[in-house]
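A.B. asks: Sequence and predicted model, in that order:
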Amino acid sequence: MAVSHGFHAITIVGAAILSTETIPTNNHGGNLGYLFIIAMTITSFHYPASFLGDRGWRISHTVGMYYLWLAFVYSFSKRLNESLLIYLPFVSLLIIVIALRYLVRVFNQKSILKHELPQRRD
């Protein structure tokens, strides 16, 4: 994912340099998304990840992925009026994926709780 977004960022910067039109620079949400991608890519290697620790790495990557998920849901949802046939499958898929992730988390928590309870000996 980082490689494809890297190419996308290079293309956007290249278009901005080569274009004679004014390109909006107030896309703070998109810029933050690219910062998350850069940070998650850097911390995916052992040495930089060691500075965060396991818990810090897990939190930063979870927050980053949820932010990117939300950015795509928002971006595609805005375009539903333009073409329902094109964007509805993407929005639906993103919502289904987050629902499945939630269900897996709930199932795993129930499974963990069931296994952690001490067995009663009579």
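C.D. replies: Received, thanks.

A.B. asks: mind checking the SS state of E21?
C.D. replies: Using DSSP: H, G, I helix; E, B strand; the rest coil, the structure places E21 in coil.

A.B. asks: Can you pull the phi/psi pair for it?
C.D. replies: phi -80, psi 160 (degrees, to the nearest 10).

A.B. asks: what's the answer for A49, then?
C.D. replies: Dihedral angles (degrees, to the nearest 10) for A49: phi -70, psi -30.

A.B. asks: R58 is in contact with that one, correct?
C.D. replies: No - with contact defined as CB atoms under 8 Å, A49 does not reach R58; the gap is 10.2 Å. Bear in mind the C-beta positions are built from the backbone N, C-alpha and C, glycine included.

A.B. asks: neighbour-wise, which of these two wins?
C.D. replies: Neighbour count, other CB atoms under 10 Å: between A49 and R58, A49 has more, with 16 against 11.

A.B. asks: what's near enough to touch the more buried one?
C.D. replies: Shown in contact with A49 (CB atoms under 8 Å, 6 or more residues apart in numbering): T43, W57.

A.B. asks: Return the distance of it relative to I96.
C.D. replies: 30 Å (CB to CB, to the nearest Å).

A.B. asks: and if you look at S44?
C.D. replies: 26 Å.

A.B. asks: for stretch 13-29, the distance to its chain's centre please.
C.D. replies: Relative to the centre of its chain, stretch 13-29 is centred 23 Å away, using CA atoms, centre = their mean, to the nearest Å.

A.B. asks: tell me the phi and psi of I10?
C.D. replies: phi -60, psi -40.

A.B. asks: Check which helices and strands the least confident helix or strand in the chain by mean pLDDT sits against.
C.D. replies: For the chain, using mean pLDDT, DSSP states H and E, the weakest element among its helices and strands is helix 2-18, scoring a mean of 77. If you count contacts as 3 or more CB pairs under 8 Å, 6 or more residues apart in numbering; DSSP states H and E, helix 2-18 packs onto helix 28-42.
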